[in-house]
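Participant: Sharing a sequence plus its predicted fold:
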Amino acid sequence: MLETVHFISGLPRSGSTLLSALLRQNPRFHTDITGPLAPMCGAIHHRISGTGEFSVLFDDARCAQMLRGLFDSYYAHVPPGHVAFDTNRTWTSRAALLGKLYPKCRIICCVREIGWIIDSLERMRTKNPLKLSKLFEESVQDTLYKRVEGLMNSDTGLIGLAWCALREAWFSEAAHRLIVVPYDTLVRQPEKALKRIYQELGEPWFPHDFNNVRYEAPAYDNNLGMPGLHTVHPVVEPRERHAVIPPDLLTKYDKTHFWAHAELNSGGVLVV
């Protein structure tokens, strides 16, 4: 039975893979890139609760037991006393549910300004011009502006869906579960960021090596049509670069980083 689980969520291209690669250096921690548990929980939940035809067979206690059973099966390889970190950008839309399943869990949310997320994705796309990535619907592949429109769709877009889910959790009663990690903090002050995360999770500090970080997922990335999407540079450091997207797109989304505005943090969310 899985004893301790936390979650990694937030926005794409904002440091979640780097964070996972660092946490994996701790032999007690088990984490990876985005996994299937979030959609699996959603599918099972719909079947056994609400309007599902079998909902009459499940009270709250049995429903929670079934959903925790998914975690127990998926992380059956995790030894007792170890910690699992499950990654999916939609966990923030299920913050209340996670609190019921695992009352002590926290959700670590990696964030970054939207314009620079778009820029990062476009930069990756142009590195592989012969491949059409599954990150973009076929109908929006033709121009950058169409791609951005698809990415920012609040129902299906890679960025839009994650951004809306994060705002949902940020302004909810489950806001106290969030630990928000801005991308710039993680790459410029990785030790500071990790020490605060350890503190919040109540875990003893492990000395991480920020000059020898290794992670890649070639099979997953190739299947997406974006080779190198989850490859982590071995040295954690900021990499200054100019934008490859037009300045009007950076300007359009320069007010979307709500986590940077104290007056909007009514739930007292920890921003590392």
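Facilitator: Happy to help now that I have it.

Participant: bridging residues for F85?
Facilitator: Per DSSP bridges, the residues bridged to F85 are H6, T31.

Participant: quick one: contacts for it?
Facilitator: Shown in contact with F85 (C-beta atoms under 8 Å, 6 or more residues apart in numbering): V5, H6, F7, I8, S20, L23, F29, H30, T31, I108. (C-beta placed from N, C-alpha, C; glycine too.)

Participant: Isn't the second one up against R106?
Facilitator: Yes - with contacts counted by C-beta atoms under 8 Å, H6 reaches R106, the gap being 5.0 Å.

Participant: Next up, phi/psi of Y215, please.
Facilitator: Note on Y215: its backbone torsions stand at phi -170, psi 140 [degrees, to the nearest 10].

Participant: That one: what's it in contact with?
Facilitator: T17, L18, S20, A21, R24, H230, T231, V232 are the contacts of Y215 under C-beta under 8 Å, 6+ apart.

Participant: ok, back up a step: neighbour-wise, which of H6 and R106 wins?
Facilitator: Ranked by neighbour count (other C-beta atoms under 10 Å), H6 and R106 place H6 first, with 25 against 21.

Participant: separation between the spatially closest residue to T90 that is not a sequence neighbour and P207?
Facilitator: Spatial nearest neighbour of T90, chain neighbours left out: A38 (4.9 Å); criterion: C-beta to C-beta, 6 or more residues apart in numbering. For A38, the distance to P207 equals 31 Å [C-beta to C-beta, to the nearest Å].

Participant: These two - which one has more neighbours?
Facilitator: Using other C-beta under 10 Å, the more surrounded residue of A38 and P207 is A38, with 21 against 8.

Participant: Mean confidence (pLDDT) on the helix or strand in which that one is found, please.
Facilitator: In this assignment (DSSP states H and E), A38 forms part of helix 37-48. Here helix 37-48 scores 92 as its mean pLDDT.

Participant: In terms of secondary structure, what does that helix contact?
Facilitator: Secondary-structure packing of helix 37-48 (3 or more C-beta pairs under 8 Å, 6 or more residues apart in numbering; DSSP states H and E): helix 60-74.

Participant: List the buried residues in the helix it packs on.
Facilitator: Buried residues in helix 60-74, counting neighbours by 16 or more other C-beta atoms under 10 Å, are found at C63, M66, L67, R68, L70, F71, Y74.

Participant: Now do the contacts for the second one.
Facilitator: Put plainly, it is M66. I44, I48, F58.

Participant: how about CSV for those, with distance to I159 added?
Facilitator: As requested, these are arranged in CSV below (distance: C-beta to C-beta, whole Å):
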residue, distance to I159
I44, 27
I48, 31
F58, 35
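
Participant: In the stretch 51-200 of the chain, what residue spans correspond to helices?
Facilitator: Counting by DSSP state H, counting those that start in this stretch, the stretch 51-200 of the chain has helices at residues 60-74, 95-101, 114-127, 144-151, 158-170, 183-188, 190-201.

Participant: ok, and which of those helices has the densest surroundings?
Facilitator: Stretch with highest mean neighbour count among the helices of the stretch 51-200 of the chain: helix 158-170 (a mean of 21; mean count of other C-beta atoms under 10 Å).

Participant: Show which residues not belonging to that helix make contact with it.
Facilitator: Contact partners of helix 158-170, identified using C-beta under 8 Å, 6+ apart, comprise 9-12, 89-93, 95, 107, 109, 111, 114, 117-118, 121, 135, 151-155, 175, 177-178, 256, 258-259, 264-265, 267, 269.

Participant: so where is this protein shaky, pLDDT-wise?
Facilitator: Scanning the chain for pLDDT under 70 picks out 138-141.

Participant: Only alpha carbons, please: show stretch 86-105 as CSV.
Facilitator: The C-alpha coordinates for stretch 86-105 follow below in CSV (Å, rounded to 0.1, in the frame of the first residue of the first chain):
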residue,chain,number,x,y,z
ASP,A,86,2.9,11.6,-9.6
THR,A,87,3.1,14.1,-12.4
ASN,A,88,0.1,15.4,-14.5
ARG,A,89,-0.9,18.9,-15.4
THR,A,90,-4.6,18.2,-14.6
TRP,A,91,-4.0,17.3,-11.0
THR,A,92,-4.7,20.9,-10.0
SER,A,93,-8.3,20.5,-11.3
ARG,A,94,-8.6,17.6,-8.8
ALA,A,95,-7.1,19.2,-5.8
ALA,A,96,-10.1,18.6,-3.5
LEU,A,97,-10.3,15.0,-4.5
LEU,A,98,-6.6,14.5,-3.8
GLY,A,99,-7.1,16.0,-0.4
LYS,A,100,-9.8,13.4,0.4
LEU,A,101,-7.7,10.5,-0.9
TYR,A,102,-4.4,11.7,0.7
PRO,A,103,-5.0,14.3,3.4
LYS,A,104,-1.3,15.1,3.8
CYS,A,105,-0.5,15.4,0.1
